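*Asks:* Mind looking at a prediction? Sequence and model below.
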Amino acid sequence: MSPKQDDSGWTERKPTALLVLADGTVLEGFGLGATGRAVGEVCFNTAMTGYEEILTDPSYAGQIITFTFPHIGNVGTNDEDIETVNMAATPGARGVIIRTDITQPSNFRATRHLDQWLRARGIIGLSGLDTRALTALIREKGMPNAVIAHDTGGKFDIDALKKEAREWPGLVGMDLVPMVTSGQRFSWDETPWQWGKGYGRMDKPEFHVVAIDYGIKRNILRLLASVGCKVTVVPAKTSAEDIAALNPDGVFLSNGPGDPAATG
């Protein structure tokens, strides 16, 4: 795509991505990651690091994440920092909004550019928005429903996108746990990452904890293992009788996406 130059000699890039809010507001930007469109609830995250972990956190299922920190993607991505336990499940976030263009990765652990990683996971991205202004809007008016769309040619049916954003029912009353929970019971013994060693293994358990997976993150399981827990992860709909039969020392209920009132 070549930039457009006006009579003054100023070169402008053609917008290739849109964020269309349910109230009809249309915000233009530049697409990255997957092409297509996705509908979700727009939220924000103020973290300066850990964007890969955030984008694969199952708790963000059904949401479009706005990062307030401007330099997202600067350390690339890798295959170790993904938080989703169920790799066959739908990725956590439906879309991502960032302020500036992604720079080339600058970290020894990086194996892939964020743009390539987003495309591989089917996550639509948009750059070039004033993400702090969008965050201020969210703080004032609440998290809006919206459609994020990316087309490399910059061709959009704006009326259809407005209609889709307006008619999406939102996360209230929506149970997203079936999309992210594990399909079967499994054991966990991996411990947190350490410099020069990577991830370790817990081989001398003192306790047995059953973790109910409503969208659990890998690092929660690692932290349980690091304090001497043998962890058994069970699907969200596992009965109390089946859990009691495992004779645990404790039961952990994980966080997860969607409306808690609709779960169960």
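*Replies:* On my side now, so go ahead.
*Asks:* count of residues packed around residue 158?
*Replies:* Per other CB atoms under 10 Å, the neighbour tally for residue 158 reads 13. (Glycine included, C-beta is placed from N, CA and C.)
*Asks:* quick one: the helices in the stretch 101-250 of the chain?
*Replies:* 114-121, 131-141, 158-167, 177-180, 218-226, 240-245 (DSSP state H, counting those that start in this stretch).
*Asks:* mind checking which helix or strand residue 69 is in?
*Replies:* Counting by DSSP states H and E, no helix or strand carries residue 69.
*Asks:* what's around it, how many residues?
*Replies:* Residues near residue 69, counting by other CB under 10 Å: 16.
*Asks:* residue contacts, it?
*Replies:* Contacts for residue 69 (CB atoms under 8 Å, 6 or more residues apart in numbering) come out as 46-48.
*Asks:* Kindly recompute the last result at 10 Å.
*Replies:* 45-49, 51, 98-99, 131-132 (CB atoms under 10 Å, 6 or more residues apart in numbering).
*Asks:* Just confirm residue 45 contacts residue 66, I think it does.
*Replies:* Yes - using CB atoms under 10 Å, residue 45 makes contact with residue 66 at a distance of 7.2 Å.
*Asks:* Specify which residue of these two has the higher count of neighbours.
*Replies:* Per other CB under 10 Å, whichever of residue 45 and residue 66 has more neighbours is residue 66, with 25 against 21.
*Asks:* Bridged to that one, which residues?
*Replies:* Following DSSP bridges, residue 66 is listed with bridge partners residue 44, residue 97.
*Asks:* Now do it against residue 130, distance only.
*Replies:* Distance of residue 66 to residue 130, given as CB to CB, to the nearest Å: 10 Å.
*Asks:* list residues touching both of those two?
*Replies:* residue 99.
*Asks:* filter the contacts of residue 69 to the buried ones?
*Replies:* Buried subset of these (neighbour count, 16 or more other CB atoms under 10 Å): 45, 51, 98-99, 131.
*Asks:* Let's have those residues in TSV, adding distance to residue 167.
*Replies:* Listed next are the buried ones among the contacts of residue 69 as TSV, based on distance: CB to CB, whole Å:
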residue	distance to residue 167
45	26
51	30
98	27
99	29
131	26
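*Asks:* Nearest to residue 180 among the residues you listed?
*Replies:* residue 45 (18.1 Å; CB to CB).
*Asks:* quick revisit: shared neighbours, residue 45 and residue 66?
*Replies:* By CB under 10 Å, 6+ apart, the residues touching both residue 45 and residue 66 are 96, 131, 135.
*Asks:* burial count for the first one?
*Replies:* So that's residue 96. Residue 96: 27 neighbours (other CB under 10 Å).
*Asks:* what pLDDT does it get?
*Replies:* Listed pLDDT for residue 96 reads 98.
*Asks:* Give me the nearest residue to it, chain neighbours excluded.
*Replies:* residue 125 (4.7 Å; CB to CB, 6 or more residues apart in numbering).
*Asks:* count of neighbours near that neighbour?
*Replies:* 28.
*Asks:* do the same with residue 10
*Replies:* 9.
*Asks:* Identify the residues contacting the residue nearest to residue 96.
*Replies:* Going by CB under 10 Å, 6+ apart, the list of residues near residue 125 reads 17, 29-34, 55, 64-65, 72-73, 93, 95-98, 102, 114-115, 118-119, 148, 150.
*Asks:* Next: residue 109.
*Replies:* Residue 109 neighbours (CB under 10 Å, 6+ apart): 75-81, 193.
*Asks:* Okay then, goodbye and thanks.
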